[in-house]
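Participant: below: sequence and its predicted model.
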Amino acid sequence: MLSSTAFVLLDGWLQSKDWLVHSLIILVFGVIALGGIAAKVWPRLVRRAQERRARNWAPASAVIDLVTVHKEWQPGGRGAPGSYSYEVMLTYSWHDPGLQTGEFTRSFNSENDAQDWADACKGRTVTVHVDPKDPANSVLRTEELDAAVPKPAWW
């Protein structure tokens, strides 16, 4: 919610004839806002692109060996209070030809939900897709992980 001072400033800007300065200010704030949105959306877009690219890579059977839940502070935007999110990191391993490892992360708003999902994943066998050009590189696709891990009741 804007304060009365902000409305007075806005009114002054609208009545002034310096539209270039106003346009640049609006542009700067727009870029900042888009940067904030991109910071949230970009990792998801990268993940989807990796999963799409790996669709045709050779499948391999892997086991989720290690699960960790990490608490992260997410600052709020536009004066909104921040909050914590809980990131679950799965570390899986497979043999090709030696022991290889990879990671998968997923975020949750609730610590209980994150821990329940992490517990459900531990020890599961999953299908990963291995890069034919670099066997140390793999992708655990979201849809295949979701098929291998039973969904909790809250899902």
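Facilitator: Here it is on my side, so go on.
Participant: residue ranges with poor pLDDT in the protein?
Facilitator: The chain contains residues with pLDDT under 70 at 1-20, 22-23, 29-41, 152-155.
Participant: ok, which stretches of it are helices?
Facilitator: Under the criterion DSSP state H, helices of the chain are mapped to 4-15, 19-54, 111-121, 142-148.
Participant: can you list contacts of the third one?
Facilitator: By Cβ atoms under 8 Å, 6 or more residues apart in numbering, the list of residues contacting helix 111-121 from outside reads 64, 67-69, 71, 84, 86-88, 90, 106-108, 145, 149-150, 152, 154. For glycine as for every other residue, the C-beta is placed from the backbone atoms N, C-alpha and C.
Participant: which among those residues count as buried?
Facilitator: 64, 67, 86, 88, 90, 106, 108, 145, 149 (16 or more other Cβ atoms under 10 Å).
Participant: and of the residues you listed, the nearest to residue 46?
Facilitator: Checking the buried ones among the contacts of helix 111-121 against residue 46 by Cβ to Cβ gives residue 106 as the nearest, at 14.4 Å.
Participant: any idea what that closest one is bridged to?
Facilitator: residue 88 (DSSP bridges).
Participant: wait, it sits on residue 87?
Facilitator: Yes: the pair residue 106 / residue 87 is scored as a contact, 7.4 Å apart, by Cβ atoms under 8 Å.
Participant: gap between the longest strand seen in the chain and the chain center?
Facilitator: Of all segments of type strand in the chain, defined using DSSP state E, the longest is strand 58-74. Chain-centre distance of strand 58-74: 13 Å, with Cα atoms, centre = their mean, to the nearest Å.
Participant: contacting residues around it?
Facilitator: 82-96, 101-102, 107, 111, 114-115, 118-119, 121-130, 132, 138, 140.
Participant: now list the buried members of those residues.
Facilitator: For the contacts of strand 58-74, buried by 16+ other Cβ under 10 Å: 85-86, 88, 90, 92, 94, 102, 114, 118, 121, 124, 126, 128-130, 138, 140.
Participant: okay, and which of these map to strands?
Facilitator: Per DSSP E, the buried ones among the contacts of strand 58-74 map to strands at 85-86, 88, 90, 92, 94, 102, 126, 128-130, 138.
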